[in-house]
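**Student:** Here is my input; please provide its structure:
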Amino acid sequence: MGETLGEALSLASESTRFGLRLLDRRERETFLTWQEVHARASGVAAGLQGLGIAPGQRVALIFPTGPDFFSAFFGALLAGAVPVPLYPPVRLGRMDAYHVRTARMLAAAGAKLVLADARVRRVLGPTLEASGLRAHGVGALPQGTLRPVHTPPSALGLVQFSSGTTVDPKPVALSHRALLAQTRTLLDGIFSVRDEGDVPRAGCSWLPLYHDMGLVGCVFPALVAVRDLTLLPPEAFVAKPALWLRALSRSRAVVSPAPNFAYALCVERVRDDELDGVDLSHWRMALNGAEPVAPATLRAFVQRFAPWGLRPEALTPVYGLSEAALAVSFSAPDQPFVATRFDREQLSLGTAEPDPNGVELVSVGAPLPGFEIEVRGEQGTLPPDRTGRVWARGPSLMEGYLGRDEATRRALVDGWLDTGDVGFLHDDQLYLTGRAKDLLILRGRNHAPHEVEQAVDHVAGVRTGCAAAASFLPEGADHEALLVFVEHARDATEDERDAMPGLAAEAILRRTSLRPDAVLVLPPGTLPRTSSGKIRRGEALRRHLAGELTSPGAVTPLLIAGVFAKSAAAYARAWARRR
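**Tutor:** Numbering: from 1, shown residues only. The predicted model follows:
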């Protein structure tokens, strides 16, 4: 497979059969063989050398899913540079925040140059002014001949930003060795590249290419195994989720990953008439990761699409993070996912005790080959069924956070990575309960925010996957208040919006036994998110308390009458003051 990503591309370029199948919103196809990808990237690499880019320097990439992304990404690698994929602007109404955040990411990565799509370049002015950089298109680079560059496996191959759900995203530095170790683990340890009959195994994805699940989890395995990969733009999937299932069927892909919200979105929005001729029987691994996995969503997805050949054992919960290049644990392939119920009271106290009437959690599997997982408390490693911080060790861990020595020392200790996630081991399987900094602390007990958020997903008028729960101590209160933000769907009626706070509070109480002190209903697109689409709970709370989480049509919070009267009253006073 070669020792660097550039060598892997050179080997794949010998193939004129396999490559990238790029679909647009109208399902029109552009096919690039790996040989064509290599040829286009070589031209970009020569152009970067002509601009004076030296080996080891970072080149930022801001592209939508399309041919130019791959020309730029692999072009940077062939020039010996380090690609830094960043997300393109998708909401023109929020460009001020985009400019600030992107300029900070460019500075954090130490980028020397920006390569960007033509449409993106037209709106990058404030970002470039703040960063002092210039943006170039791949078609306007100097012409020249590529000078060969020797890149050792220990050199950086990628800088990708952590999701930043609780803090600002940090630049994760990954070597070629780590990236190819992760790729080898995915190919050899989980899904074999052996063909079935005359049909080569293929992948399909709509995930963004600036995100590890889309790039490391989909593109690199297809490159190294020299197979086809079908790609859809993320915005096309969000607008019409059926495109993903149709693309899966046409490409006969065996592997396709997505976060939990995507499976819920398909259940909610895909119509039967959009699935004419669709066959999902070849889909072997419907990987579910990057955010908390909801058992109800998995079951609903299987039930909804079983008539089109989807097998229950295809649903495969997984766990990983940018700092490990991608994956750390996988559920067993070709077996139904495992969900277990645990006593809610004991779980809040730090012990996982099975209870048939308790809260249901989904296992994210066992460590991948070459990986180890430990759960640790303040006194060291914890036994099974005790909750603590999840630590991981394996062959694809990051070199560190670029330019952030102190953060690196905190995250990497004696070859182990502090993931920042909280969970426990039960029957040798990993279960996650949340992020250490996102835990809801109510009356001295810990609660997982995602369980509160998932409770409101099926309330009429709620935008699926668009809720955030946070706890804080209002001034003058004797304990923390539970605050829930909920975005309403674009087509929600006025009656649904009016009823939403009360119905959301009832749904949360039924599922979690927690009573929210306040429920705020917000217009779609209001909640702050990471570049990969995860809601930033802490940032939502901060903006709300600062009076910044508002927009036309926002609904004044409903205080749940008679619940935690002191904290609710204190919250009401704080709300009145900030208004």
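
**Student:** Isn't Ala181 up against Pro395?
**Tutor:** Yes: with contact defined as CB atoms under 8 Å, Ala181 counts as touching Pro395 (3.9 Å). The way it works is simple: take the backbone N, C-alpha and C, and place the C-beta from them, glycine included.

**Student:** Overlap in contacts, the two.
**Tutor:** When contacts are counted by CB atoms under 8 Å, 6 or more residues apart in numbering, the set common to Ala181 and Pro395 consists of Gly370.

**Student:** Okay, domains of this structure per the record?
**Tutor:** Residue ranges of the domains in the chain are recorded as 5-188+224-230, 240-436, 440-578, according to automatic domain parsing.

**Student:** the strands in the stretch 101-250 of the chain, which residues?
**Tutor:** Using DSSP state E, counting those that start in this stretch, the strands found in the stretch 101-250 of the chain span residues 111-116, 135-136, 156-161, 171-175, 203-205, 229-231.

**Student:** Out of those, which gets nearest to His282?
**Tutor:** strand 203-205 (10.5 Å; CB to CB).

**Student:** ok, and what's touching the closest one?
**Tutor:** Here strand 203-205 makes contact (CB under 8 Å, 6+ apart) with 214, 217-218, 221-222, 227-232, 244, 247-248, 251, 253-257.

**Student:** where's it relative to the chain centroid, distance-wise?
**Tutor:** Centre-to-centre, strand 203-205 and its host chain are 16 Å apart (CA atoms, centre = their mean, to the nearest Å).

**Student:** now swap in stretch 209-228 and tell me
**Tutor:** With CA atoms, centre = their mean, you get 15 Å for stretch 209-228.

**Student:** Give me the buried positions along it.
**Tutor:** 209-228 (16 or more other CB atoms under 10 Å).

**Student:** do stretch 114-130 as well
**Tutor:** Across stretch 114-130, burial judged by 16+ other CB under 10 Å covers 114-117, 120-121, 124, 127-128.

**Student:** who's in contact with it?
**Tutor:** Under CB under 8 Å, 6+ apart, the answer for stretch 114-130 is 44, 59-64, 66, 68, 72, 75-76, 88-89, 92, 95-96, 98-100, 102-103, 106, 131, 133-138.

**Student:** Distance check, Leu141 against Ser10.
**Tutor:** 20 Å (CB to CB, to the nearest Å).

**Student:** do you know how far Leu265 is from Ala46?
**Tutor:** Counting by CB to CB - Leu265 and Ala46 are separated by 42 Å.

**Student:** sorry, that was for Arg529
**Tutor:** Here Arg529 is placed at a distance of 37 Å from Ala46 (CB to CB).

**Student:** Repeat that for Pro85.
**Tutor:** According to CB to CB, Pro85 stands 21 Å off from Ala46.

**Student:** Ala392: what secondary structure?
**Tutor:** Of the three states, Ala392 takes strand according to DSSP: H, G, I helix; E, B strand; the rest coil.

**Student:** For Asp334, see how far away it is.
**Tutor:** Counting by CB to CB, the gap from Ala392 to Asp334 is 24 Å.

**Student:** between these two, which one's more packed in?
**Tutor:** For Ala392 versus Asp334, neighbours defined as other CB atoms under 10 Å are more numerous around Ala392 (24 against 11).

**Student:** so what's the more buried one up against?
**Tutor:** 324, 328, 367, 371-374, 416-417, 419.

**Student:** what's the most distant pair in those residues?
**Tutor:** Checking those with CB to CB, the most distant pair is Ala324 and Glu374, at 13.9 Å.

**Student:** Which residue of those two possesses the greater neighbour count?
**Tutor:** With neighbours defined as other CB under 10 Å, Ala324 and Glu374 compare such that Ala324 has more, 27 against 15.

**Student:** and Leu141 and Ser10? which has more neighbours close in?
**Tutor:** Leu141 (21 against 16).

**Student:** Would you agree the more buried one is in contact with Ala45?
**Tutor:** No: if you go by CB under 8 Å, Leu141 and Ala45 don't touch, sitting 9.3 Å apart.

**Student:** Common neighbours of these two, please.
**Tutor:** By CB under 8 Å, 6+ apart, no residue touches both Leu141 and Ala45.

**Student:** could you measure the residue nearest to Ala314 when sequence neighbours are not counted against His458, distance?
**Tutor:** Sequence neighbours aside, Ala286 is the residue nearest to Ala314 in space, at 4.6 Å (criterion: CB to CB, 6 or more residues apart in numbering). For Ala286, the distance to His458 equals 21 Å [CB to CB].

**Student:** neighbour-wise, which of these two wins?
**Tutor:** More crowded of Ala286 and His458, by other CB under 10 Å: Ala286, with 25 against 14.

**Student:** And that one, how far from Leu158?
**Tutor:** From Ala286 across to Leu158, the span is 26 Å (CB to CB).

**Student:** got it, and His211?
**Tutor:** Noted for His211: a distance of 12 Å to Leu158, by CB to CB.

**Student:** Likewise for Asp188?
**Tutor:** On the measure of CB to CB, Asp188 and Leu158 end up 21 Å apart.

**Student:** and the two? which has more neighbours close in?
**Tutor:** A direct count of neighbours by other CB under 10 Å for Asp188 and Leu158 places Leu158 higher, at 27 against 12.

**Student:** what's that one in contact with, if anything?
**Tutor:** Leu158 makes contact with 5, 82-85, 174, 179, 215-216 under the criterion CB under 8 Å, 6+ apart.

**Student:** Sitting in helices, which of the buried residues of stretch 209-228 do you find?
**Tutor:** Counting by DSSP state H, the buried residues of stretch 209-228 place 212-214, 220-225 in helices.

**Student:** now those residues as a markdown table including distance to Arg17 and pLDDT?
**Tutor:** Conversion of those to a markdown table gives the following (distance: CB to CB, whole Å; pLDDT from 0 to 100):
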| residue | distance to Arg17 | pLDDT |
| --- | --- | --- |
| Asp212 | 28 | 91 |
| Met213 | 26 | 92 |
| Gly214 | 23 | 93 |
| Phe220 | 19 | 97 |
| Pro221 | 17 | 94 |
| Ala222 | 13 | 95 |
| Leu223 | 14 | 96 |
| Val224 | 16 | 95 |
| Ala225 | 13 | 92 |
